[in-house]
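Enquirer: fold the following and give me the result.
(chains A, B, C and D)
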Protein chains: 2
Amino acid sequence: MVRMSPAERREAIVVATLEVMQRQGIAATTVRDVAAVLGVSSGLIHHYYDSMDELVAVAFERAARADLEETVTAVAAGGDPLAQLRLFFDTYARSDTDSGMQLWLDAWAEAARRPALRRTSRRLNEEWQALLADVIAAGSGAGLLACADPGAAAWRVLSLLDGLALQLVAHGDVLTVAQADDWSRGAAERELGLAQGTLSPA
Amino acid sequence: MVRMSPAERREAIVVATLEVMQRQGIAATTVRDVAAVLGVSSGLIHHYYDSMDELVAVAFERAARADLEETVTAVAAGGDPLAQLRLFFDTYARSDTDSGMQLWLDAWAEAARRPALRRTSRRLNEEWQALLADVIAAGSGAGLLACADPGAAAWRVLSLLDGLALQLVAHGDVLTVAQADDWSRGAAERELGLAQGTLSPA
DNA sequence: CGGCTTGTTGGACGGCCGCGCAACAGCGGT
DNA sequence: ACCGCTGTTGCGCGGCCGTCCAACAAGCCG
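Expert: Sure, this is the predicted structure:
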């Protein structure tokens, strides 16, 4: 019987839940599997989290927020808005195929049935959109690109990225990662009135 | 005990499965629920379909193909490729919010764990892409629009539509149907070198 | 050293799952 | 009228689920 402080235990449970979610999918993640990963009794999980819906939402937020923070950090390193856009696509492309996107797919589908998860995925999607909208607005303000509605443009670019990533994850080789990357940068260039190639990888 | 011919019974089971899928989601669709809808024993379902994966894939194809055929028919009624594109968006927009798109979301997420469903959703996605690519190629051939790679353009337009519809279905009012419709037509106009407003609803 | 707080156990509860199978019953053909 | 085919039942199998709770034990404090 390994006794941990509440903070440590809560953390360990989230990490274990994430591991199970990535391996089996959100819909198939069970209390017993999480407990087994920790070598712990299943009752303990409910001692720390009231319901499975809550735990799944917390674990999803952990993973999704880490990806978002990574992109935020990368974008912040860009000198001007165009360089920031380039870095945005660089970091996004890297996470396209790994288990992160499958998690998002699960989350969107499960959102209809899991209230806590729906709130979390929605909030994170809006943060992604706000990040991109800010960069576009800055570029527009600096006269580096042309965009009448940065918020709308951000939704369009993100939705295209999501739609392409979705095909990559769900259907394997119907598209290649290179095509998805290339096409989304090209669409963003057209969207923002940039010359072709402006957003090509650094 | 109502006795049906095999063809009728198979059909009735597919219809009932679809009803359950739309109400509860693909992941939560069970043999017993389907049997209950028909007022029939659960053993009967397995008499006609070897596994739940197979039955779910058949039922999904039924629903998805009906939507596709509807769009194919609508598009065929268009005089020239530009009118056909307009009709494409008209029919697509109508099905954006109903349960059809939630079904697609479920299918994409479940694809990772259900081989039969993955093959079906992939095939249907490719048919949607082919339909759109043909119209674009025709428009390009007739000099009505500018597109170097109709296949790629079709994937981009479809992915944007999917990405926007996904937000509508998963997160409710983060976007409006009108925005999704408007934005996707606008993006297609930019994609195909058309004047703004060319693809506005008929 | 003993008591008490509290992290942890382990199983019970009611319910659900996909699947398989022997027995039953409707119906067409003889 | 009966027989055989086959559509259909009803239930059992082994297993899983989320949740709950009384009992146990580890470590801190007096």
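Enquirer: which residues of chain A lie near DNA strand D?
Expert: A:1, A:3, A:29-33, A:42-43, A:46-47, A:50-53 (C-beta under 7 Å from any atom of the strand). Glycine gets a C-beta too; all of them are placed from N, C-alpha and C.
Enquirer: let me know the closest of those to B:Ala111.
Expert: Of all the residues of chain A next to DNA strand D, A:Thr29 has the smallest distance to B:Ala111: 17.5 Å, by C-beta to C-beta.
Enquirer: returning to what we had before: for DNA strand C, tell me which of the residues of chain A next to DNA strand D show up nearby.
Expert: Near DNA strand C, by the rule C-beta under 7 Å from any atom of the strand, you find A:1, A:3, A:42-43, A:47 out of those.
Enquirer: mind picking the two most distant members of these?
Expert: Within those, A:Arg3 and A:Ser42 form the most distant pair, 17.4 Å apart (C-beta to C-beta).
Enquirer: same drill for those two, tell me which one is more crowded.
Expert: Each of A:Arg3 and A:Ser42 has its neighbours counted (other C-beta atoms under 10 Å in any protein chain shown); A:Ser42 has more, 14 against 6.
Enquirer: pull the contacting residues for the more buried one.
Expert: Contact analysis of A:Ser42 by C-beta atoms under 8 Å, 6 or more residues apart in numbering or on different chains lists A:31-32, A:34-35.
Enquirer: what's the distance between it and A:Tyr48?
Expert: Noted for A:Ser42: a distance of 12 Å to A:Tyr48, by C-beta to C-beta, to the nearest Å.
Enquirer: do the same with A:Ala66
Expert: For A:Ala66 relative to A:Tyr48 (C-beta to C-beta), the value is 21 Å.
Enquirer: so which of these two has more stuff around it?
Expert: A:Tyr48 (15 against 12).
Enquirer: quick one: the more buried one and A:Ala7 touch, right?
Expert: No: taking contacts as C-beta atoms under 8 Å, A:Tyr48 lies outside contact range of A:Ala7: 10.2 Å.
Enquirer: not counting its neighbours along the chain, what's nearest the residue positioned nearest the centre of chain A?
Expert: Centroid check for chain A by C-alpha atoms, centre = their mean gives A:Ala64 as the closest residue, at 4.4 Å. Once flanking residues are discounted, A:Ala64 sits nearest to A:Leu124: 4.8 Å by C-beta to C-beta, 6 or more residues apart in numbering or on different chains.
Enquirer: what residues of the helix or strand where the one you found lies count as buried?
Expert: Here A:Leu124, judged by DSSP states H and E, is contained in helix A:115-141. Judged by neighbour count (16 or more other C-beta atoms under 10 Å in any protein chain shown), helix A:115-141 contains these buried residues: A:116-118, A:120-122, A:124-125, A:128-129, A:131-140.
Enquirer: before we move on, what about stretch A:78-92?
Expert: Across stretch A:78-92, burial judged by 16+ other C-beta under 10 Å covers A:78, A:81-92.
Enquirer: ok, those residues vs chain B, which is closest?
Expert: Using C-beta to the nearest C-beta, A:Tyr92 comes nearest to chain B of those, at 13.1 Å.
Enquirer: okay, now the residue nearest to the closest one when sequence neighbours are not counted: neighbour count?
Expert: Spatial nearest neighbour of A:Tyr92, chain neighbours left out: A:Leu161 (6.2 Å); criterion: C-beta to C-beta, 6+ apart. Neighbour count for A:Leu161, taken as other C-beta under 10 Å: 28.
Enquirer: helix/strand/coil for A:Leu161?
Expert: When classified by DSSP: H, G, I helix; E, B strand; the rest coil, A:Leu161 comes out as helix.
Enquirer: list the contacts for it?
Expert: By C-beta under 8 Å, 6+ apart, the contact list for A:Leu161 reads A:92, A:180, A:184, B:163.
Enquirer: mind putting these in CSV, pLDDT included?
Expert: CSV is the format used below for the contacts of A:Leu161 (pLDDT from 0 to 100):
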residue, pLDDT
A:Tyr92, 84
A:Ala180, 95
A:Ser184, 97
B:Gly163, 97
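Enquirer: which stretches in chain A count as strands?
Expert: For chain A, strands defined by DSSP state E do not occur.
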